[in-house]
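Colleague: One predicted model, sequence on top.
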Amino acid sequence: MTVAPVSSEVPAILGGSPVRQTLLPYGRQSIDESDIQAVVETLRSDWLTTGPKVAEFEDAMAGWVGAKYAVSFSSGTAALHAAAFATGLQSGDEAITSPLTFAATANCVLYQGAMPVFADVLEDTLNLDHEQVATRITARTKAILPVDYAGHPAELDSILQLADRHGLIVIEDACHALGAEYRGRRVGSVAHMTVFSFHPVKHLTTGEGGMVTTDNPVFAETLRRFRNHGISSDARQRQRAGQWHYEMVLLGFNYRLTDIACALGLQQIKKLEANLERRRQIAAQYASEFRCMASVVAPVVGPEVNPAWHLFPIRLDLPRLSAGRGELFQALRAENIGVNVHYIPVHRHPYYHDRFGYKGGEFPVAEAAYERLISLPMFHGMSDNDVEDVVCAVRKVVGHYAN
Ligand SMILES: Cc1ncc(COP(=O)(O)O)c(C=O)c1O
């Protein structure tokens with residue numbers, strides 16, 4: 001791909017013509033005829049929820065990531081909640097996580113009445129800093145929730161070693177990282193429990209949906225019960241056994257994923273390898289284009305990992321620019337590039353700020369990164385022209401504001 005330098009052009013925000021006429025979103029689903037057919041077939045079948053497609057999709061996911069069990073949920077958030085429950089988190093307990101994540105990672109700890117404790121992130125990958133985690137462990141700590149930020153696996157071996165030493169459970173938030181590899185192993189087969197999301201911007205979608213993978217049969221059983229009101233059998237098991245009797249053995253929720261959604265997931269998983277391959281191509285194109293732009297820092301890839309590239313968050317070198325992140329963000333939007341920001345650090349949201357008294361400045365690496373981050377469009381359905389448009393727009397906007 002060759003992209004002509006366009007830095008002399010007037011940015012659209014200042015009255016120039018935009019790089020493209022229609023908005024390119026930062027992420028979106030790809031749905032083809034086979035997906036639509038699979039959903040239609042399920043709509044015509046006997047089971048709309050908790051039927052054969054749920055078990056088939058769970059088996060496919062467990063097989064794909066290399067875990068013994070996979071338990072589906074109505075969202076990644078529900079899956080996180082269930083994993084926090086299965087860990088036994090309760091009032092008086094603490095769980096350590098990253099501030100640079102979607103709020104759901106920390107919220108699931110609060111759902112259980114426990115306390116999320118943040119540790120700062122590493123400067124390079126923006127993943128949880130295991131040395132910082134070590135300093136936050138107390139007698140109350142029960143779990144660590146590393147986040148595979150943007151699809152780059154966290155420092156799982158170091159975190160698991162730390163967890164082993166202190167008897168903690170590691171719940172990996174891999175909502176960005178389906179398909180990522182860590183030291184030759186697929187994410188989903190490494191931590192005690194790994195949580196995925198199937199939101200439409202993810203590597204595969206079921207509309208809304210989530211999954212926990214684990215090798216632990218007790219966790220798997222608890223997760224299954226938790227998503228079904230705490231009931232020890234599901235409707236299909238009872239129908240097959242010809243029995244009506246069931247028992248509610250714990251306080252659960254209705255967090256079930258439907259057969260309709262799982263039928264879609266089963267088609268989508270067939271395309272996962274190709275989707276990942278396309279995301280990796282796009283990431284490589286971006287990285288090679290941005291290498292020569294001094295004010296743009298592309299994401300760092302650590303040794304022995306293969307990221308899944310849910311996001312492509314660049315960091316701006318602000319001292320080299322005459323405008324801040326906000327202005328560059330608006331300028332890119334005016335070019336019809338649907339940029340985004342991931343994330344406002346969780347402790348800076350009003351709820352966390354007001355409830356726990358965070359003032360800002362507690363996690364300097366995450367907070368400094370946040371001020372410079374812009375997520376560029378990254379999804380497997382992007383065409384080469386889309387990628388070219390993004391590079392053109394970044395070059396144009398950054399070129400205009402360069403000092
Ligand atoms: C890191 C992270 N954790 C959890 C979630 C929650 O997933 P869901 O939207 O499926 O509830 C998301 C959603 O994007 C996420 O990015």
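Modeller: Yep, that arrived. Numbering: from 1, shown residues only.
Colleague: what's the distance between the closest residue to the ligand within the stretch 51-200 of the chain and Gln268?
Modeller: Nearest to the ligand in the stretch 51-200 of the chain, going by CB to the nearest ligand atom, is Gly76, at a distance of 2.6 Å. To be clear about C-beta, it is placed using only N, CA and C from the backbone, and glycine gets the same treatment. According to CB to CB, to the nearest Å, Gly76 and Gln268 sit 15 Å apart.
Colleague: got it, and Val341?
Modeller: 27 Å.
Colleague: and what of Val39?
Modeller: From Val39 to Gln268 the distance is 11 Å (CB to CB).
Colleague: quick one, which of the two is more surrounded?
Modeller: Gln268 (26 against 20; other CB atoms under 10 Å).
Colleague: my guess is that one contacts Thr205, does it?
Modeller: Yes. Checked against CB atoms under 8 Å, the pair Gln268 and Thr205 is within contact range at 6.1 Å.
Colleague: can you tell me which residues contact Gly184?
Modeller: The neighbourhood of Gly184, defined by CB atoms under 8 Å, 6 or more residues apart in numbering, consists of Glu304.
Colleague: quick revisit: bridging residues for the closest residue in space to the residue of the stretch 51-200 of the chain closest to the ligand that isn't next to it in sequence?
Modeller: Computed as CB to CB, 6 or more residues apart in numbering, the closest residue to Gly76 that is not its neighbour in sequence is Ser197, at 2.9 Å. Beta-bridge partners for Ser197, by DSSP bridges, are Gly210.
Colleague: Wait, Val195 touches Gly209, no?
Modeller: No. If you go by CB under 8 Å, Val195 and Gly209 don't touch, sitting 11.6 Å apart.
Colleague: Common neighbours of these two, please.
Modeller: By CB under 8 Å, 6+ apart, Val195 and Gly209 have these common neighbours: Gly76.
Colleague: who's more crowded, the two?
Modeller: Neighbour count, other CB under 10 Å: between Val195 and Gly209, Val195 has more, with 32 against 28.
Colleague: can you confirm the more buried one is in a strand?
Modeller: Yes. Val195 forms part of a strand when assessed by DSSP: H, G, I helix; E, B strand; the rest coil.
Colleague: do you know how far it is from Ala174?
Modeller: Applying CB to CB, the value for Val195 to Ala174 is 6 Å.
Colleague: ok, for Val49, nearest residue in space, not its chain neighbours?
Modeller: Val isn't right for residue 49; it's Thr. Thr258 (4.3 Å).
Colleague: Next, that neighbour: phi, psi?
Modeller: Torsion angles at Thr258 (phi, psi; degrees, to the nearest 10) stand at phi -80, psi 160.
Colleague: Wait, it touches Ser45, no?
Modeller: No. Look at Thr258 against Ser45 with CB under 8 Å: they stay out of range, at 11.7 Å.
Colleague: Give me the more crowded residue out of the two.
Modeller: Thr258 (22 against 14).
Colleague: Centre of the chain to the helix or strand bottoming out on mean pLDDT in the chain, how far?
Modeller: Within the chain, confidence by mean pLDDT, DSSP states H and E is lowest for helix 235-241 among all helices and strands, at a mean of 81. Computed by CA atoms, centre = their mean, to the nearest Å, the separation of helix 235-241 from the middle of its chain amounts to 34 Å.
Colleague: Give the other helices and strands that whichever helix or strand comes after that helix contacts.
Modeller: Downstream of helix 235-241, the next assigned helix or strand under DSSP states H and E is helix 259-270. Applying 3 or more CB pairs under 8 Å, 6 or more residues apart in numbering; DSSP states H and E, we find helix 259-270 packed against helix 33-43, helix 52-65.
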